[in-house]
Every structure is written in structure tokens, then in C-alpha cells.
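# Sharing a model that was predicted from the sequence below.
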Amino acid sequence: MLRKIDISRTWQLARLTFAALKAKRDMFAEELERTQQCLSNMQRSNTELRAALTELTDAVRRRWQAEAELADLYRQREIERAQKAERAGGLLH
């Protein structure tokens with residue numbers, strides 16, 4: 001037995017379904033745009049943070065180098081003082 005199809009109702013449901021799908025598509029497109037903007041902002045922040053980290057790392061390395069050079073200068077000064085004291089002690093005897 002064949003059923004009678006209500007063409008008008010079928011078209012109405014099709015239009016409603018199509019409108020709902022378009023609305024979802026538009027919603028997803030907006031969400032995609034927001035997500036892409038957020039990603040872009042995060043990538044920019046990541047680049048800035050990496051640059052800051054590199055700068056900080058370089059500063060720490062320079063500080064370590066300066067501390068090592070200062071320690072070397074202190075050692076040299078102590079050696080010179082000891083040598084002067086030895087020479088001065090040798091002159092007194």
C-alpha cells in the first residue's frame with residue numbers, strides 16, 4: 001500500500017532543516033575564526049616568551065662568565081700578594 005506524501009509539509013521540513021544546518025555552519029565558521037585568532041595570539045605570545053627566555057638565558061650566561069672572570073682576578077690578586085709577601089720576607093732576612 002502506498003502512502004500519500006504531503007509535498008508542502010516535506011518542503012517545509014526541508015527548509016527548516018536547511019536553515020538549521022546553515023545556522024550551525026555559520027556558528028562553526030564564527031567559532032573557527034575565534035579559534036584561529038586565539039591560536040594566532042598564542043603563537044605571538046609563544047614567540048615573545050621564547051625571545052624573552054633566550055634573552056634571559058644569555059644574561060645568565062654572561063653573568064656566569066663575569067663571575068668566573070672575577071674569581072680569576074681575585075685568585076691572581078692573591079697570588080700577587082703572596083709573591084710580594086715572599087719577596088718582602090726575603091729582603092728582611
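Received the coordinates, thanks. Residues are numbered from 1 along each chain as shown.

# ok, which stretches of this structure are helices?
7-92 (DSSP state H).

# Show me where the chain dips below the pLDDT cut-off.
91-93 (pLDDT under 70).

# The same query, at a cut-off of 90, please.
1-6, 87-93 (pLDDT under 90).

# quick one: Glu31 from Ala23, how far?
Glu31 is 13 Å from Ala23, where distance means C-beta to C-beta, to the nearest Å. No exception for glycine: its C-beta is placed from N, CA and C like everyone else's.

# before we move on, what about Leu32?
According to C-beta to C-beta, Leu32 and Ala23 sit 15 Å apart.

# again, but for Asn41
Counting by C-beta to C-beta - Asn41 and Ala23 are separated by 27 Å.

# swap in Gly90?
100 Å.

# next one: Ser8
23 Å.

# again, but for Ala52
Distance from Ala52 to Ala23, by C-beta to C-beta: 43 Å.

# And for Tyr74?
In terms of C-beta to C-beta, Tyr74 sits 75 Å off from Ala23.

# Could you report the neighbour count for Trp64?
If you count neighbours by other C-beta atoms under 10 Å, Trp64 ends up with 10.

# let me fix that: Glu86
Glu86 has 10 nearby residues by other C-beta under 10 Å.
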